[in-house]
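> model this:
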Amino acid sequence: MTENPVIQISHLTKKYGDFTAVRDLSVDIPQGEIFGFLGPNGAGKTTTIRSVLDLIRPTQGSATILGLDTHEHSVKLRRRIGYLPGELAIYPALSGKEALTYFANLRGGVDWGWVDELARRFEADLSRKIGALSSGNKQKVGILQAFMSKPEVYLLDEPSTGLDPLMQQEFQALLREVTKAGATVFLSSHTLSEVERVADRVGFIREGRLIATERMRDLRDKALRRVSMQFAKPVKASALSAVEGVREVEVDGLHATVTYEGAMTPLLKAAASHEVLSLASSSVDLDEIFLTFYRGEANGVREEGARR
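Down below sits the predicted model:
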């Protein structure tokens with residue numbers, strides 16, 4: 001458990017009738033951390049965020065932000081939180097500036113110089129009606145409303161949706177800036193590559209369960225490698241699959257592809273017992289590691305690291 005976490009989620013469960021959307025989820029997030037909350041669509045990410053914010057009531061469990069219970073102090077916390085929902089709903093007849101003015105008044109005012117700077121950085125045209133904006137430009141207005149009051153905590157649900165690569169880079173830079181200044185970020189996504197450049201730690205959710213949390217640097221250290229080998233004679237997959245660190249073996253005639261983690265020496269020794277004609281090695285993309293978590297957890301929930 002993290003000492004004095006800014007966000008603390010304790011045994012959160014949300015049921016809809018017989019369906020459990022989130023199951024006994026617990027995680028602590030310290031000040032200044034960007035926590036990536038990762039899972040496929042329908043895994044329970046949005047339900048978790050909405051429950052934490054008291055937009056919907058959890059069936060069991062609780063959450064605190066900045067030491068305050070999010071149900072008992074939901075209104076008080078609104079001034080200290082920046083929230084970007086996964087499906088942004090803003091009155092289509094309002095211009096971007098009018099929409100931001102509306103949200104600013106709800107918060108008791110904002111620094112419009114800061115808003116103008118954000119609009120410039122994201123190339124947001126605030127004079128246009130919300131209803132006339134593309135999904136990406138509408139998302140920019142959503143980002144501005146979440147960041148314009150310089151809150152202490154950000155809960156962002158799929159924030160890069162619709163943004164082009166340049167705007168995604170600008171958004172990542174903004175995240176680094178606010179956390180360097182002491183803010184804390186809970187960032188939901190279904191793509192590991194979206195958060196790998198900014199997240200300090202990631203949590204993997206599957207079917208409503210938090211199956212693992214990993215520090216991003218540790219996750220990179222666990223990056224799998226893929227070795228392609230051409231043999232002079234056919235080799236059985238079992239000759240390679242038994243090697244320590246081997247995760248997957250595919251054999252097609254004289255060609256074998258092995259996915260492994262750790263030191264390569266045991267694999268090379270096993271391969272050397274056969275006549276190897278060629279060998280090539282490459283790193284596996286982090287997104288494939290992400291998918292491996294879900295394949296690997298198909299028959300059970302990984303408990304280690306679920307609450308750090």
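
> Let me know the pLDDT of residue 6.
Note for residue 6: predicted pLDDT of 97.

> how about the strands of the chain, start to end?
For the chain, the strands defined by DSSP state E cover 7-16, 19-29, 34-38, 60-65, 68-69, 81-84, 153-157, 184-189, 201-206, 209-215, 225-231, 246-252, 255-260, 276-283.

> what domains does the record give for this structure?
As given by automatic domain parsing, the domain ranges for the chain are 7-220, 224-283.

> Which pLDDT value goes with residue 271?
89.

> got a list of what it touches?
229, 240, 279 (Cβ atoms under 8 Å, 6 or more residues apart in numbering). The way it works is simple: take the backbone N, C-alpha and C, and place the C-beta from them, glycine included.

> Apply 7 Å and report the result again.
Residue 271 makes contact with residue 229, according to Cβ atoms under 7 Å, 6 or more residues apart in numbering.

> before we move on, what about residue 241?
For residue 241, the contact set (Cβ under 7 Å, 6+ apart) comprises residue 249.

> what's the nearest residue to residue 40 if we skip its chain neighbours?
Closest residue to residue 40 apart from its sequence neighbours, by Cβ to Cβ, 6 or more residues apart in numbering: residue 190 at 5.5 Å.

> Residue 134 versus that neighbour, what's the distance?
Distance, residue 190 to residue 134, by Cβ to Cβ, to the nearest Å: 21 Å.

> show me the contacts for the closest residue to residue 11 other than its chain neighbours.
Counting by Cβ to Cβ, 6+ apart, residue 61 is the residue found nearest to residue 11 once chain neighbours are left out, at 4.1 Å. Counting by Cβ under 7 Å, 6+ apart, residue 61 makes contact with 10, 11, 12, 13.

> What about those, which one has the most neighbours?
The member of the contacts of residue 61 that has the most neighbours, counting by other Cβ atoms under 10 Å, is residue 12 with 24 neighbours.

> State the distance spanning the first to the last residue of stretch 143-151.
With Cα to Cα, to the nearest Å as the measure, stretch 143-151 spans 13 Å from end to end.

> any idea of the mean pLDDT for that stretch?
Per-residue pLDDT values across stretch 143-151 average out to 96.
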